[in-house]
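[1] need a 3D model of the following:
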Amino acid sequence: MPKYLLKARYTPQGMKGVLSEGGTGRRETIAKMIADVGGSLEAFYFALGEDDVILIADVPDNVTTASIGMLVSASGSVTSRTTVLLTPEEIDQAAQLQVDYRPPGG
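    Numbers count the residues shown, from 1 in each chain. Reported below is the predicted structural model:
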């Protein structure tokens, strides 16, 4: 199952919600949302700095992950960025693919 890194920043409205329900409440909500689409939450951390939350999740596919991202963004409480994570074995497979490429000007 594909693995994703998600980084989120709460809007003031979203942070009010965190203050109301607590950090464990948010983690439980996110874990349930991911489980409901057939995935699992591997890690969930609050962070100081540019991002308020960093999580790693296994999600069935890119379409499902995009759906989660759109739903979360549409709430107006969170802005997020998603990164697809690749295993070393997947990079080994990618390195073995033969691709015909010509660089610009080449």
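[2] contact partners for the nearest residue to Lys3 once chain neighbours are set aside?
    Spatial nearest neighbour of Lys3, excluding adjacent residues (CB to CB, 6 or more residues apart in numbering): Leu85 at 4.3 Å. Just so you know, the C-beta spots here come from the backbone N, C-alpha and C atoms, and that holds for glycine as well. Residues counted as contacts of Leu85 (CB atoms under 8 Å, 6 or more residues apart in numbering) are 2-5, 56.
[3] of the residues you listed, grab the buried ones for ChimeraX.
    In ChimeraX, a selection of the buried entries from the contacts of Leu85 looks like this (16 or more other CB atoms under 10 Å):
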select :2,3,4,56
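[4] looking at the contacts of Leu85, which one is closest to Glu28?
    Ile56 (16.5 Å; CB to CB).
[5] what pLDDT does that closest one get?
    Looking at Ile56, its pLDDT reads 98.
[6] tell me which strands whichever strand or helix holds it pairs with, and in which orientation.
    Applying DSSP states H and E as the criterion places Ile56 in strand 53-58. Sheet pairing of strand 53-58 (DSSP bridges) gives strand 3-10 (antiparallel), strand 40-46 (antiparallel).
[7] in this protein, what residue spans correspond to helices?
    12-36, 62-74, 88-96 (DSSP state H).
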